[in-house]
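Novice: 3D, please:
(chains A and B)
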There are 2 protein chains.
Amino acid sequence: MRRPPNPQRTLAAEIPTASPGTRATVMGHVHRRRALSSVTFLIVRDRSGLTQVVLGPSDLERGDAPPEETVVRVTGTVTSNPQAPMGVELTAPDIEVLGDHAETPPVELWRPSLTAGLPVVLDNAAVTWRHPGRRAVWEIAAASMRGFRETLDARAFREVRSPKLVASATESGADLFTVDYFGRAGYLAQSPQFYKQQLVGVFERVYEIGPVFRAEPHDTVRHLSEYTSLDVEFGFIDDHRDVLALLREVLAGMTEGIRTHAGPALEALSPVLPEIPDEIPVIHFRDALRLVGAPEDEPDLAPAHERALGAWVKDTHGSDFLAVEGYPMTKRPFYTHPQPTDARWSNSFDLLFRGLELVTGGQRLHRHQDYVSALASRGEEPSAYADYLSAFAHGMPPHGGFAIGLERWVARLLEAANVREVTLFPRDLHRLAP
Amino acid sequence: MRRPPNPQRTLAAEIPTASPGTRATVMGHVHRRRALSSVTFLIVRDRSGLTQVVLGPSDLERGDAPPEETVVRVTGTVTSNPQAPMGVELTAPDIEVLGDHAETPPVELWRPSLTAGLPVVLDNAAVTWRHPGRRAVWEIAAASMRGFRETLDARAFREVRSPKLVASATESGADLFTVDYFGRAGYLAQSPQFYKQQLVGVFERVYEIGPVFRAEPHDTVRHLSEYTSLDVEFGFIDDHRDVLALLREVLAGMTEGIRTHAGPALEALSPVLPEIPDEIPVIHFRDALRLVGAPEDEPDLAPAHERALGAWVKDTHGSDFLAVEGYPMTKRPFYTHPQPTDARWSNSFDLLFRGLELVTGGQRLHRHQDYVSALASRGEEPSAYADYLSAFAHGMPPHGGFAIGLERWVARLLEAANVREVTLFPRDLHRLAP
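Specialist: Alright, predicted model coming up:
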């Protein structure tokens, strides 16, 4: 036998439009309990917002108001009150505690912003993510992923799932986690790079959102040992400029995804969403060095250079984005396609977002012989890459792709000082829990 | 300076509607090369289908037709030919090889179905997935994931990302992969169970599609050491029947996703898609034992029992699905909610799909004290679960959820004998590559 159904639930966001005088039921956590001399206010928090509940003297005679974070079902009379947060409150409430009274939370979740330091916030992630301002951060992240997929689904890309347990390093031997794989050594994939390339030979256009693992021995505000990578790879391109053009579409889609799917979070956090120019400005690495006054044999851009370039492109092009193309081949992975006109440079790029590297992308080699040569010239044994190389021996189209780090994207968008702030349960050199 | 753009590409599927007599350009792999005495046929494969290209004597004078799997760009005259596979072919072609001639593939991809044994298919995954019949298998999988997300996005569920590197076992100490985490022991998550529950306290409704890891020491057709789990968890439920009702919506959405997003794959493989009944039939575990003639103290259903139940529900209800609820508490994880009327049984279920277990789901405990008692009664130390338990101490709604194994779903749908057949790069006791 089934119990009679519980009263129909109304979400907090719908309460202001409910008919005054009717009874409505909200469910959620007690966000705030505020006892005055003869009246107690309970603010109930659900996924859509907050509802004020008023307990008068006769309500309080029937029992104490439950403490903060307790989960409750409250049925009350919808009552206009211009002084209530949403202009409406619930009065004469019946309050049912679903579970037990909650312990006092480690931080005061009802305050407009969390005052605790980052370690406390992270150590108590399950509770601190309940703060509406924190929750909004992840809603931006989730909407970004949704926009990413919507953009690519609409362009006939296929979602793929590559293995995270692998037999050897994908890009370099460093920063690799070792796994005991039934008594032999396995590794955690640092990226889906090799797999997404192979799958271009199957589906032409692929994407994957998944975890990647870096045994990153540095304790910085930008590095995690596990993060979410938004990977794209596609075939039949002319060169890396086609990759950049797709990246532009994807970034526009992610921004649009936030607007469409995370409206309340956007309102709560009011970040400045980037304007995506019709064409992302491009500068060659060589010219970028000249622009920032760095020596012309510098093999990479320093963070200060990236910031200077970000300021320059904002001033001159009004753009939040700048693609630096042509990075020296010596600084790029072996699968990078050289610039056809000058093989010192590469057909690859870094995308700077407000002066910080956000995306690396480019054209890859697609001829088998080029791979064999590239590996040999780096002193690597092609046989160690036999499975990967066999895709190229059996015919691969010209192709390229990119990877966006979800946490870096969100952190930069929200001007978070530390990527850990925008990661649900971050992992780093020191942190493997919660 | 940019090169002039390449001729506009036409997809194979669009060639039959191109105007006869015009020139069209297709790009893809040479699927089949068939040389007759005076004419050679090239079938070009792209992501949308196949195009027949005809090389006459004068074309062949200009050079040999490239071998199978070579990537080409072919511009030819659209010519009606009722004998061509699609009624249209390209004649007088200009053929450009994009890359080099391909090596002979390890299996003949142009045959209607692959004749090689499973080990050969798996060892050469990057190439064998190019077979149109194989590619269609993954397109069914990708469309299933898309349907899953569309269903949940429409119901205000949030996508979350839980860590795969964890400090301790999530469900039981067995079948856990150990990772060298900066010199100390870490583990690969067997499921996002603990995290998705904690996040119900934040978002109320969450889902995640991600890899899970089981150091599964059995070499069976149903087990992988890494697979894709489609996880759902949500709050403010009455009991496990609410979970089952949502599962029904999700399965309907996955099936609809296949219809909508994988039309050509559906046509190629013509699986019998399940009819999703308005309400999935439910039988209590106790009654299920009776029905199949098993002893009433049997703690679990054997595969033969599941098959018998699948046949029974098909006969009596015309349903491909049967939910078996009430599994004995002793066989369920500690977080399982007991049946309120009789605590020997649980508020959990297994969903059988055509007589095979596909999904496990149910209601979870939500009171902190219940967790402490459940762990104690199993001889486990609650302090080992401190981070997890703190979510419950700080107030959690009644909640539940389920997990669908993507590979099992697709294998059962396509009647694949082995889950490895439907996994892009499967991992098992013996296989860590390619």
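
Novice: quick one, domains of chain A?
Specialist: A:12-97, A:125-422 (automatic domain parsing).

Novice: now the first one: mean pLDDT?
Specialist: Throughout domain A:12-97, pLDDT has a mean value of 96.

Novice: Please apply the same query to stretch A:424-434.
Specialist: 97.

Novice: For it, measure first residue to last.
Specialist: Terminal residues of stretch A:424-434 are spaced 10 Å apart (C-alpha to C-alpha, to the nearest Å).

Novice: any residue of it up close to chain B?
Specialist: Yes - in terms of C-beta under 8 Å from any C-beta of the partner chain, part of stretch A:424-434 sits within range of chain B, namely A:424, A:425, A:426, A:427, A:429, A:432, A:433, A:434. For every residue, glycine as well, the C-beta is placed using N, CA and C.

Novice: interface residues of the stretch 251-400 of chain A facing chain B?
Specialist: Counting by C-beta under 8 Å from any C-beta, the residues of the stretch 251-400 of chain A close to chain B are A:261, A:366-369, A:387-388, A:390-391, A:393-398.

Novice: Tell me the buried residues in stretch A:238-250?
Specialist: Residues of stretch A:238-250 classed as buried: A:239, A:240, A:241, A:242, A:243, A:244, A:246, A:247, A:248, A:250 (neighbour count, 16 or more other C-beta atoms under 10 Å in any protein chain shown).

Novice: With adjacent residues omitted, what lies nearest to residue A:230?
Specialist: Excluding the flanking residues, the one nearest residue A:230 by C-beta to C-beta, 6 or more residues apart in numbering or on different chains is residue A:404, at 4.2 Å.

Novice: The one you found bridge partners, please.
Specialist: As for beta bridges, residue A:404 partners with residue A:230, residue A:359 under DSSP bridges.

Novice: Residues contacting the helix or strand of chain A with the lowest mean pLDDT, please?
Specialist: None of the helices or strands of chain A scores lower by mean pLDDT, DSSP states H and E than helix A:57-61, at a mean of 93. Helix A:57-61 has contacts (C-beta atoms under 8 Å, 6 or more residues apart in numbering or on different chains) with A:38, A:39, A:40, A:92, A:93.

Novice: What lies in contact with the helix or strand just after it?
Specialist: Proceeding N to C from helix A:57-61, the next assigned helix or strand is strand A:71-80, under DSSP states H and E. The contact list for strand A:71-80 (C-beta under 8 Å, 6+ apart) reads A:6-7, A:15, A:18-30, A:42, A:44, A:51, A:53-54, A:66, A:87-99, A:102, B:366, B:395-397.

Novice: Just give the number of residues close to residue A:253.
Specialist: Residue A:253 has 23 neighbours, counted by other C-beta atoms under 10 Å in any protein chain shown.

Novice: Distance-wise, check the residue nearest to residue A:431 when sequence neighbours are not counted relative to residue A:212.
Specialist: Distance criterion C-beta to C-beta, 6+ apart; nearest residue to residue A:431, sequence neighbours excluded, is residue A:122 at 7.0 Å. From residue A:122 across to residue A:212, the span is 20 Å (C-beta to C-beta, to the nearest Å).

Novice: quick one: which of those two has more around it?
Specialist: residue A:212 (23 against 20).

Novice: on that earlier part again, quick one, what contacts the residue nearest to residue A:230?
Specialist: Contact analysis of residue A:404 by C-beta under 8 Å, 6+ apart lists A:148, A:229, A:230, A:250, A:358, A:359.

Novice: Save those as a markdown table, and put in pLDDT too.
Specialist: What follows is the contacts of residue A:404, written out as a markdown table (pLDDT from 0 to 100):
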| residue | pLDDT |
| --- | --- |
| A:148 | 98 |
| A:229 | 98 |
| A:230 | 98 |
| A:250 | 98 |
| A:358 | 96 |
| A:359 | 97 |
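
Novice: need those in CSV with distance to residue B:195, can you?
Specialist: Converted to CSV, these look like this (distance: C-beta to C-beta, whole Å):
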residue, distance to residue B:195
A:148, 22
A:229, 19
A:230, 20
A:250, 27
A:358, 26
A:359, 27
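
Novice: What parts of the stretch 1-150 of chain A come near chain B?
Specialist: Residues of the stretch 1-150 of chain A that fall close to chain B, judged by C-beta under 8 Å from any C-beta: A:2-3, A:5-6, A:9, A:27, A:29-30, A:46-47, A:69-71, A:98-100, A:102-103, A:105, A:124-127, A:129-130, A:135, A:138-139, A:141-142, A:145-146, A:149.

Novice: orientation of the longest strand along chain A relative to strand A:71-80 in degrees?
Specialist: Taking DSSP state E as the criterion, chain A has its longest strand at strand A:23-35. If you take axes from the mean of the first three to the mean of the last three C-alpha atoms, to 10 degrees, strand A:23-35 sits at 100 degrees to strand A:71-80.

Novice: List the buried residues in strand A:23-35.
Specialist: Along strand A:23-35, these residues count as buried under the neighbour rule (16+ other C-beta under 10 Å): A:24, A:25, A:26, A:27, A:28, A:29, A:30, A:31, A:32, A:33.

Novice: which helices and strands does it pack with?
Specialist: On a contact count with 3 or more C-beta pairs under 8 Å, 6 or more residues apart in numbering or on different chains; DSSP states H and E, strand A:23-35 meets strand A:40-46, strand A:49-55, strand A:71-80.

Novice: So what are the sheet partners of the second one and their directions?
Specialist: Using DSSP bridges, the strands paired with strand A:49-55 in its sheet are strand A:40-46 (antiparallel), strand A:88-97 (parallel).

Novice: Only C-alpha atoms, please: export the longest one in CSV.
Specialist: Extracted in CSV, the C-alpha atoms of strand A:88-97 (Å, rounded to 0.1, in the frame of the first residue of the first chain):
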residue,chain,number,x,y,z
VAL,A,88,5.7,37.4,0.4
GLU,A,89,6.0,35.1,3.4
LEU,A,90,4.4,32.0,4.8
THR,A,91,2.5,32.4,8.1
ALA,A,92,0.7,30.0,10.5
PRO,A,93,3.1,27.3,9.4
ASP,A,94,3.0,23.6,10.0
ILE,A,95,6.6,22.5,10.2
GLU,A,96,7.7,18.9,9.8
VAL,A,97,11.3,18.0,10.3
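
Novice: next helix or strand past it?
Specialist: Strand A:88-97 is succeeded, C-terminally, by helix A:118-123 (DSSP H and E).

Novice: in the stretch 151-300 of chain A, which spans are strands?
Specialist: For the stretch 151-300 of chain A, the strands defined by DSSP state E, counting those that start in this stretch occupy A:158-159, A:165-166, A:178-181, A:184-188, A:205-213, A:226-235, A:282-284.

Novice: quick revisit: mean neighbour count, the helices and strands packed on strand A:23-35: which tops it?
Specialist: Mean neighbours per residue, mean count of other C-beta atoms under 10 Å in any protein chain shown, is largest over the helices and strands packed on strand A:23-35 for strand A:49-55, with a mean of 24.

Novice: so what's residue A:303 up against?
Specialist: By C-beta under 8 Å, 6+ apart, residue A:303 lies in contact with residue A:356.

Novice: nope, residue A:384 is what I was after
Specialist: Contacts of residue A:384 by C-beta under 8 Å, 6+ apart are residue A:168.
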